[in-house]
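Participant: For reference, the sequence and a predicted model appear below.
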Amino acid sequence: MKVHFIAIGGSIMHQLAIALQQQGYRVTGSDDTIFDPAKTNLFNVGLLPDEFGWFPEKIDARPDAVILGMHAKKDNPELLRAQQLGIPVHSYPQFIYQHAQHKKRVVIGGSHGKTTITAMVMHVLRHCGTDFDYVVGAKLPGFAESVRLSASAQVIVIEGDEYLSSPVDLKPKFLYYRPHVALLSGIAWDHMNVFPSFDGYLQQFTLFAQTIEPGGTLVYNAEDSHLCHIAQQHPRLNLQPYQTPPYRVNESNDNWLLQWNGQEVPLQIFGQHNLQNLMGAKAVCNSLNVPDELFLEAITTFTGAARRLELVAKSAGCCMYKDFAHAPSKVKATTHALKLLHPGRRLVACLELHTYSSLNHNFLPQYQHALQSADLAMVFYDPQTLAIKQLPPLQPQEIQHYFNHPNLLVFTNPSELENQLLQTNFEQTDLLLMSSGNFGGINIANIAKFATENT
């Protein structure tokens, strides 16, 4: 089967292209720009386009199907040619469901924590020797790719994203998968560009619960009132609530201990939100016939997903972490977790506002007190990003007002931010960088070296 990818450089799109090639598909693709790691990954397997741009003549080769990524536009020349020729056009969730419709489908959804929970489930299943397929939105230790599709596996684990499927398919991705086992980790308003009200955003999760196969399982965070309400509407499902378990912070060894049935289980992750994620993953694994003892044995070696409280550098007096956090609930949970890990240290937390929601005047009030656990807070945003997203300008004093933090510095120039960090005293101080972008290209390696070598 021959498949052509429009916008092949996307984080999942390029991994799906590689997975299909490994299964014997003939794969081609196009994009107007591709960044690393996708660029290198595609080059290494011979799938990097010879030149960037859109070439309708590629569609003249009559692929059996076209997979359309969100980066493309409705008037994409290749898309228009495929529609003209009557070639089937799929979003990637549609295509994955077609592959997985005869498998047991496990879908992890929620506004926050879904990548980590998916990673935990995958880690445990691999530890148990289970053959499974997967789709996850991050690089995970021990997994060469973030997408695996096979003919042999009877189970597939999917990170279920509530964002739109493609430019011509405005249905949230996770509504396609029809899970047998579903998890919802929590609901906190996000993606304001496509869900302008919280009620509209919340409705997507109600619809998701309705897609669970009859007699299926819904694992949900019982500490979220919205999820409790959704669960009550589906009494015929196998409902599995979870919540934050008892734990102890071992400050001397820099680790957290899960307290379970009279024993303490040492973990390589930390934070109340990650303990909560762990309990959700355990309930999912239980539904796949993994006993508690085996789950706890496996989870002690789980180190997390890339850019999820990822330790970048460490010295006796300073730890530097990177995190993908950008939504208010994620920012608050991540800073609080790091402060609890080292309560005796000062915490410098630096956040980039990069997404449409985070730069929107109507959404910014959601960030009030999101950085309250930080002793010194820094917020960076690029005015050019606002222009690209066609949003009105923001003034630094507005950021000061919305975040309401007594020690907040606001930067719009990456060089000024980098200089500030390189002049900060990191003695007995941890540094946390949170962004879904790259802080305007600041040299994180230099900052890590400075922070740890001068403490």
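Facilitator: The structure has been received and is ready for your questions. Numbering: from 1, shown residues only.
Participant: And for stretch 27-36, what's in contact with it?
Facilitator: Contact with stretch 27-36 is made by 2-9, 13-14, 17, 20-21, 42, 47-49, 52-55, 58, 61, 63, 71, 78, as judged by C-beta atoms under 8 Å, 6 or more residues apart in numbering. To be clear about C-beta, it is placed using only N, CA and C from the backbone, and glycine gets the same treatment.
Participant: just stretch 291-301 next, same as before
Facilitator: With contact meaning C-beta under 8 Å, 6+ apart, stretch 291-301 is reached by 120, 123-124, 127-128, 258, 260, 265-268, 278, 281-282, 285-286.
Participant: Of all the residues in it, which ones are buried?
Facilitator: Neighbour counts over stretch 291-301 (16 or more other C-beta atoms under 10 Å) mark Phe295, Leu296, Ala298, Ile299 as buried.
Participant: State whether the second one is indeed within a helix.
Facilitator: Yes: counting by DSSP: H, G, I helix; E, B strand; the rest coil, Leu296 falls inside a helix.
Participant: Quick one: mean pLDDT for stretch 381-397?
Facilitator: Average pLDDT, stretch 381-397: 91.
Participant: again with stretch 26-35
Facilitator: What stretch 26-35 shows for mean pLDDT is 95.
Participant: That stretch: end-to-end distance?
Facilitator: 23 Å (C-alpha to C-alpha, to the nearest Å).
Participant: Just the buried residues of it, please?
Facilitator: Val27, Thr28, Gly29, Ser30, Asp31, Ile34.
Participant: Okay, now the sheet partners of the one helix or strand the second one maps to, with direction.
Facilitator: Right, the one you point to is Thr28. Thr28 is part of strand 26-30, with elements assigned from DSSP states H and E. Sheet pairing of strand 26-30 (DSSP bridges) gives strand 2-6 (parallel).
Participant: So which residue is smack in the middle of the chain?
Facilitator: Residue closest to the mean C-alpha point of the chain, counted by C-alpha atoms, centre = their mean, is Thr115 at 4.8 Å.
Participant: Of the buried residues of stretch 291-301, which pair is most distant in space?
Facilitator: By the measure C-beta to C-beta, Leu296 and Ala298 form the most distant pair in these, at 7.4 Å.
Participant: doesn't Ala377 fall inside a strand?
Facilitator: Yes: when classified by three-state DSSP, Ala377 is found to be part of a strand.
Participant: Grab the nearest non-local neighbour of it.
Facilitator: Leu371 (4.2 Å; C-beta to C-beta, 6 or more residues apart in numbering).
Participant: contacting residues for the residue nearest to Phe132 when sequence neighbours are not counted?
Facilitator: Excluding its sequence neighbours, the residue lying closest to Phe132 (C-beta to C-beta, 6+ apart) is Val155, at 4.3 Å. By C-beta under 8 Å, 6+ apart, the contact list for Val155 reads Lys103, Lys104, Val106, Leu125, Thr130, Asp131, Phe132, Asp133, Leu288.
Participant: What is the three-state secondary structure of the fifth one?
Facilitator: Under three-state DSSP, the three-state class of Thr130 is coil.
Participant: Cys285 is in contact with that one, correct?
Facilitator: No: Thr130 lies out of contact with Cys285 (C-beta atoms under 8 Å); the separation is 9.6 Å.
Participant: More neighbours: the two, which one.
Facilitator: Legend: neighbour count by other C-beta atoms under 10 Å for Thr130 and Cys285, higher for Cys285 (27 against 17).
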